[in-house]
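Asks: kindly return the folded structure for what I paste below:
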Amino acid sequence: MDKLLAELRSVSKSYAAVRVLKGVHFSVRAGEIHALLGGNGAGKSTLMKILAGLVAPSGGEVRLGGAPLVPATPAQAQAMGLYLVPQEAHIFPNQTVLQNIAVGMPKPAGPYPRGVEALIAQLGVSLSPDAKAATLEIADRQIVEILRGLLREAKVLILDEPTSALTPHEVRTLFGHMRALRAEGHGLVFISHKLHELRAVADRITVLRDGHVVFAEAMETSPDAEILAAMSPGVTALDAPRADARDCGGAGADARPAERRGLRRDLALAPAGRDPRADRRRGRRSDRACRDAGGPARARGRERHAGRP
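Replies: Presented below is the predicted three-dimensional model:
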């Protein structure tokens with residue numbers, strides 16, 4: 001069995017009389033991407049905050065690298081090899097990429113750039129350490145957060161909804177980086193409510209509902225219907241993913257009816273403060289860009305027939 005990099009044993013959390021987590025078991029192994037799903041209020045964020053030392057559990061145990069997380073603080077969690085990549089990257093726009101990656105770290109005996117450039121090459125990204133962070137796209141800002149963790153020698157990375165603001169091309173690029181990290185022995189937790197994305201990269205899947213683990217299996221042997229039913233009982237149909245610019249020759253036309261049918265489910269499963277309709281609007285902008293670049297014949301057909309009753 002692969003080495004356990006992080007483990008939560010019978011973890012519970014209560015706020016006054018409200019039990020948020022109820023005896024949850026969760027682990028991350030070396031060389032795997034572990035998907036974590038759950039609807040709004042399922043306990044995903046609280047569970048990961050406990051793993052990252054941001055919140056103290058009411059019961060149970062947190063272990064990193066085989067040792068207990070004591071004291072349970074973010075600094076101790078980072079020192080033991082865990083880094084939480086937030087949904088929105090914390091960037092200092094007036095500083096360089098290098099300064100952003102190394103922020104908060106003690107001044108090294110040797111130069112930082114050599115280590116940072118090696119990490120950039122390791123991920124295969126096109127980032128200049130001397131570039132101003134204000135010039136970075138959203139996807140590159142997330143890479144800066146990942147590089148922060150790697151520079152701190154993190155073996156476990158928690159990615160919280162990393163694709164929420166990315167284009168389809170940027171999502172594919174991010175998944176390539178995640179696979180590279182997995183191949184090098186890192187353990188990744190991938191939090192998302194987009195099942196088709198998780199299926200593209202995850203090795204294992206755990207579903208939380210009402211503070212309980214209700215499903216935990218290998219991804220390749222887990223049918224979509226069972227995963228969806230675990231997330232929200234009674235839901236067994238999966239939306240087709242939107243087509244990206246590479247697929248704009250016709251797949252998008254098939255996705256639209258399913259997208260409309262599934263909007264109510266997405267609204268129910270999306271994290272608090274997130275509106276899945278924003279993702280759909282981004283998808284429509286990608287469709288328009290596809291048409292502007294000489295996209296599908298069906299788009300040109302609509303233009304020819306514009307104005308007809």
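Asks: show me the contacts for residue 125.
Replies: Applying CB atoms under 8 Å, 6 or more residues apart in numbering, we find residue 125 in contact with 140, 143, 177. (C-beta placed from N, C-alpha, C; glycine too.)
Asks: could you measure the residue nearest to the last one when sequence neighbours are not counted against residue 179, distance?
Replies: The shortest distance from residue 177 to any residue that is not its chain neighbour, by CB to CB, 6 or more residues apart in numbering, is 5.2 Å, and that residue is residue 123. Spatial separation of residue 123 from residue 179 under the definition CB to CB, to the nearest Å is 11 Å.
Asks: the more surrounded of these two?
Replies: residue 123 (17 against 14; other CB atoms under 10 Å).
Asks: residue 183 is in contact with the more buried one, correct?
Replies: No: checked against CB atoms under 8 Å, the pair residue 123 and residue 183 is beyond contact range at 11.5 Å.
Asks: residue 42: neighbour count?
Replies: Neighbourhood size, residue 42 [other CB under 10 Å]: 24.
Asks: just the pLDDT for the residue nearest to residue 177.
Replies: Residue 123 is assigned a predicted lDDT (pLDDT) of 81.
Asks: what's near enough to touch it?
Replies: 143, 146-147, 150, 177, 180-181.
Asks: what about it, distance to residue 228?
Replies: 33 Å.
Asks: all helices of the chain, in order?
Replies: 44-51, 74-79, 97-101, 112-123, 138-151, 168-183, 195-201, 224-231, 251-269, 276-292, 297-304 (DSSP state H).
Asks: and the average pLDDT for the first one is what?
Replies: What that stands for is helix 44-51. Helix 44-51 shows an average pLDDT of 95 in the prediction.
Asks: is it true that residue 10 touches residue 24?
Replies: Yes: here residue 10 reaches residue 24: they are 7.4 Å apart, a contact under CB under 8 Å.
Asks: of those two, which one has the most company?
Replies: Between residue 10 and residue 24, counted using other CB under 10 Å, the more crowded position is residue 24 (23 against 13).
Asks: grab the nearest non-local neighbour of that one.
Replies: residue 11 (4.8 Å).
Asks: distance-wise, check the one you found relative to residue 195.
Replies: Using CB to CB, we find residue 11 at a distance of 25 Å from residue 195.
Asks: again, but for residue 48
Replies: Distance of residue 48 to residue 195, given as CB to CB: 19 Å.
Asks: then residue 134?
Replies: Residue 134 sits 35 Å away from residue 195, going by CB to CB.
Asks: what do you get for residue 209?
Replies: Note on residue 209: its distance to residue 195, by CB to CB, is 15 Å.
Asks: between these two, point out the one with more neighbours.
Replies: For residue 209 and residue 195, the more surrounded residue by other CB under 10 Å is residue 195, and the numbers stand at 21 against 18.
Asks: who's in contact with the more buried one?
Replies: 37, 224, 227-228, 238.
Asks: any weak-confidence spans in the stretch 101-250 of the chain?
Replies: 108-113, 234-250 (pLDDT under 70).
Asks: please redo it, this time with the cut-off set to 50
Replies: 239-250 (pLDDT under 50).
Asks: how about the closest residue to residue 210 other than its chain neighbours, phi and psi?
Replies: Spatial nearest neighbour of residue 210, chain neighbours left out: residue 42 (6.7 Å); criterion: CB to CB, 6+ apart. Torsion angles at residue 42 (phi, psi; degrees, to the nearest 10) stand at phi -70, psi -20.
Asks: wait, isn't residue 42 in contact with residue 206?
Replies: No: contact criterion CB under 8 Å: residue 42 and residue 206 do not qualify, at 10.6 Å.
Asks: stretch 175-191 spans what distance, first to last residue?
Replies: 13 Å (CA to CA, to the nearest Å).
Asks: actually stretch 124-143, sorry about that
Replies: Across stretch 124-143, first to last residue, CA to CA, it's 11 Å.
Asks: pull out the buried residues from it.
Replies: Along stretch 124-143, these residues count as buried under the neighbour rule (16 or more other CB atoms under 10 Å): 125, 127, 129, 133, 136, 139-143.
Asks: repeat for stretch 179-195
Replies: By 16+ other CB under 10 Å, the buried positions in stretch 179-195 come out as 181-182, 186-195.
Asks: from the residues you listed, which land in strands?
Replies: Among those, DSSP state E puts 187-191 in strands.
Asks: distance between stretch 173-192 and the chain's centre?
Replies: 10 Å (CA atoms, centre = their mean, to the nearest Å).
Asks: not counting sequence-adjacent ones, nearest residue to residue 206?
Replies: The nearest residue in space to residue 206 (CB to CB, 6+ apart) is residue 216, at 4.6 Å.
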